[in-house]
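Participant: need coordinates for the below:
(chains A and B)
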Amino acid sequence: GQNIDQPTEMTATEGAIVQINCTYQTSGFNGLFWYQQHAGEAPTFLSYNVLDGLEEKGRFSSFLSRSKGYSYLLLKELQMKDSASYLCAVRAPPGRGSTLGRLYFGRGTQLTVWP
Amino acid sequence: GAVVSQHPSRVICKSGTSVKIECRSLDFQATTMFWYRQFPKKSLMLMATSNEGSKATYEQGVEKDKFLINHASLTLSTLTVTSAHPEDSSFYICSAKLRDRENYGYTFGSGTRLTVV
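Facilitator: Numbers count the residues shown, from 1 in each chain, chains lettered A, B, ... in the order given. The predicted structure is shown next:
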């Protein structure tokens, strides 16, 4: 089966840095995505890693270690608007029913940013 | 950027009736559409994958006669919840595969909040 684990909730203050971890055990790997989702809205893309290492994009960075089945999303200079759920998703290799592999989502980490 | 328009955003229906949810890709061709449901504070669970012009592939445990998926064109995919029950109340989201965008891969609709009373 597929198992993607991330903390349920985290809190932080404005201006701080927060790291959201994600560990995964999946049969096959073809990339890892991080999405941001506000309540009642669709997920929006944040980052993508397929090779080991750090990908930096503005205030957001994402790290991947394939050998450890581990990723983290780093958010710097936190703002109130960053309060949301952050979803870690692993993409399976192309297979049944899809030429581009399906995503397996973690249950999301609810981040609350306090003033 | 690529946009998927999902309608309706909210719907309330009576038990036993059917509800259709539409997802349209506005400025690109969606060869593959994924349909998810999400319970409060839970993960997105893939229900089915549909490819234009062919039958949808359903995930284990998802009743294909209850959740009818049609992907008749490259810009429209629909999910019909038939004979809805209160336990079908959930947040349904579609996601389209972006052709030739390996790194990004997918764009999501805005979701449909279904409440069955």
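Participant: only C-alpha atoms from now on, for both contacts and neighbour counts.
Facilitator: OK.
Participant: and for the single nearest residue of chain B relative to chain A, the neighbour number?
Facilitator: Per Cα to the nearest Cα, residue B:43 is where chain B lies closest to chain A, at 3.7 Å. The local packing of residue B:43 (other Cα atoms under 10 Å in any protein chain shown) involves 19 other residues.
Participant: contacts only, for it.
Facilitator: A:105, A:106, A:107, A:108 (Cα atoms under 8 Å, 6 or more residues apart in numbering or on different chains).
Participant: of those, which is the most crowded?
Facilitator: With neighbours taken as other Cα under 10 Å, the top of the contacts of residue B:43 is residue A:108, carrying 28 neighbours.
Participant: quick check, pLDDT for that residue.
Facilitator: On pLDDT, residue A:108 comes in at 94.
Participant: how far off centre is stretch B:67-83?
Facilitator: Using Cα atoms, centre = their mean, to the nearest Å, the mean C-alpha position of stretch B:67-83 is found 7 Å from that of the whole chain.
Participant: just checking: what are the partner strands of the host helix or strand of residue A:111?
Facilitator: Per DSSP states H and E, residue A:111 falls inside strand A:109-114. If you go by DSSP bridges, strand A:109-114 pairs up with strand A:9-13 (parallel), strand A:84-91 (antiparallel).
Participant: could I get those as CSV with mean neighbour count and mean pLDDT?
Facilitator: Listed next are the strands paired with strand A:109-114 as CSV, based on neighbours: other Cα atoms under 10 Å in any protein chain shown; pLDDT from 0 to 100:
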stretch, mean neighbour count, mean pLDDT
strand A:9-13, 14, 97
strand A:84-91, 24, 95
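Participant: and residue A:45, which of these is closest to it?
Facilitator: Nearest to residue A:45 among the strands paired with strand A:109-114 is strand A:84-91 (9.6 Å), distances taken as Cα to Cα.
Participant: so, low pLDDT: which residues of chain B?
Facilitator: B:1, B:99-105 (pLDDT under 70).
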